[in-house]
Structure formats: C-alpha cells, structure tokens
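Novice: The following block contains a protein sequence and its predicted model.
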Amino acid sequence: MTDGTAEETRVDCHVKVLSDAVVDRAVAAGLDAIVYAPHFTRLPEIRRRAAAHSNEELLVVPAREVFTGSWRDRKHVLAIGLEEPVPDFIPLEAAMAEFERQGAAVLAPHPEFATVSVTEADLRRYGDVIDAVEIFNPKHLPSHNRRARELAELLSYPAFTSSYAHLPSSVGIACTTFETAINSESDLVTTLEDGVPRRIVHHDGRRRWQTTAAELAHLCYENTWKKVDRLFLSGTEPTHPSHIAYDGRFDDVSVY
C-alpha cells in the first residue's frame, strides 16, 4: 500500500482470486493495490475477504463484476465503491442505474470480448456512467486488445488494465499506474471518476503468452460443465436477483 507522500500507485484493477499466496505474489510484483471482484459472491463477503487480506504493503479493494442480462448475452460491468449489493442477471440499464444511484466508479472490462462484454453502442450510451475502458487483458488475443484500445481512443475514455486473474499465477502480469496516492477504496473511486492520469503497464513475451494460454483454458473450463452445474444443479446463486438477501428489490427486472 502506498504511503501518504507517494505520487504513483500501481493497481491490478481486476482479480478473481484472493489468498495469502496471491497477496505475496502481488507484493512481489510491485503492486500497491488489487481490485478483488470474484464471480457469484455477495458484496458483504467480498468486503470481509478484502479487509482480511489488506495489509501495510497491499490494499485489497472490494468490487463487484456484475453479470447483466442472460447467460446467452451477458455483459460484464465492474463496479467499485458500492454501498448496497447489486445482483447478477438484471438488464444492463438496471445495473447502470443502480451504480449511478450509489455513486460507484464503473469500469468496462474486456469490451466486445466474446459474448460477455459491453459493445461500442453500450459505451456510447453510458458515457456519463462508465469511468474507464480496459485496453489490455492477458486473456485477450492481440486483435482483442487492439479493438479495446481503438474503442477507448475513439470514445475518449480513460484506460485501465488488469490481470483479470482467475489463476493466482496471473496476478502481476499487468497493472495501471495512477499518478496519485491511493490508500483506500474511496481514493480509488475518486481517482477513477476524476480521470487521473495513468500509465498502462504489462508483461510481454513468454510470460504473457503462458498467462494467456492458462487463462483461456480456464475460461473454457468455466463455460462448459461448471456452467451447466451452476444453472441447473446447484440451486440459486448468492447473487441471483431472487435471493432472499436482495429482499425482492430486483424481482421486477430479473431476467430469470
């Protein structure tokens, strides 16, 4: 974690895994903060885990990557600074309205990637809500990263990058270096909303391609038998709109 006099903060803006080993890897990679946003985990639990793993060397920021829409056409949006939980499987417009109501920083991860991302049309529509667009992700092939950078430049969005780590070994492969001190979740929200200058840093060469291969293999795994098990065998997910934790607030916009 940075001290109060630091002028730069190195942030991995999106990881899915968290453990003592992940924290050690992040610190060894020179990171000051990571944004922790696991799949299908409610915000209070994410906050608990993030607080338990933050220390003087590394800030762990809790966040939610919300799966909007249906499984066939889901669009992932990353929200940082939520005060109240937001479920998955609600329309994109409902999620965006809730993020805006709560004053969260909103990021567009992996734009136009597969069937899990916001489109150019979405980026145009929500220009007053989205604070940054991801322009490098090790899960992407070069053509995906080129398209993401093109979108950010075309629509004048600030950029960010992340490891998008679903595997501990991916942490530290990429980071966004912000030209300011970030010592808390609220600091990061303000930094993103204010468009503070930043640099995009990532590994290339052998380690990058090893990470890409491993993460793409994990993506295939996630979207085959695990997907079927999640939808049909495991019951209601903790982040499903009908879960009792949401007290019926999203029943009228649930897509399932």
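Specialist: Received the coordinates, thanks. Numbers count the residues shown, from 1 in each chain.
Novice: And stretch 100-109, what's buried?
Specialist: Buried residues in stretch 100-109, counted by 16 or more other Cβ atoms under 10 Å: Ala104, Ala105, Val106, Leu107, Ala108, Pro109. Using the backbone N, CA and C atoms, a C-beta is placed for each residue, glycine as well.
Novice: tell me which of those residues is nearest to Phe178?
Specialist: For the buried residues of stretch 100-109, the minimum distance to Phe178 (Cβ to Cβ) is 12.3 Å, reached by Ala105.
Novice: shouldn't the closest one be in contact with Val196?
Specialist: No. In this structure Ala105 lies outside contact range of Val196 using Cβ atoms under 8 Å: 11.4 Å.
Novice: which ones are touching Thr191?
Specialist: Neighbour list for Thr191: Thr9, Phe178, Thr180, Ile182 [criterion: Cβ atoms under 8 Å, 6 or more residues apart in numbering].
Novice: Val201 now?
Specialist: Neighbour list for Val201: Arg10, Thr161, Ala174, Cys175, Thr176, Thr177 [criterion: Cβ under 8 Å, 6+ apart].
Novice: And the pLDDT at the third one?
Specialist: Ala174 is assigned a pLDDT of 95 by the prediction.
Novice: Quick check: nearest residue in space to it, chain neighbours excluded?
Specialist: What sits nearest to Ala174 in space, not counting adjacent residues and going by Cβ to Cβ, 6 or more residues apart in numbering, is His202, at 3.7 Å.
Novice: and the residue lying closest to Ser184 once chain neighbours are set aside, how far is that from Ala26?
Specialist: Distances taken as Cβ to Cβ, 6+ apart place Leu59 nearest to Ser184, at 7.2 Å, with adjacent residues excluded. Leu59 sits 10 Å away from Ala26, going by Cβ to Cβ, to the nearest Å.
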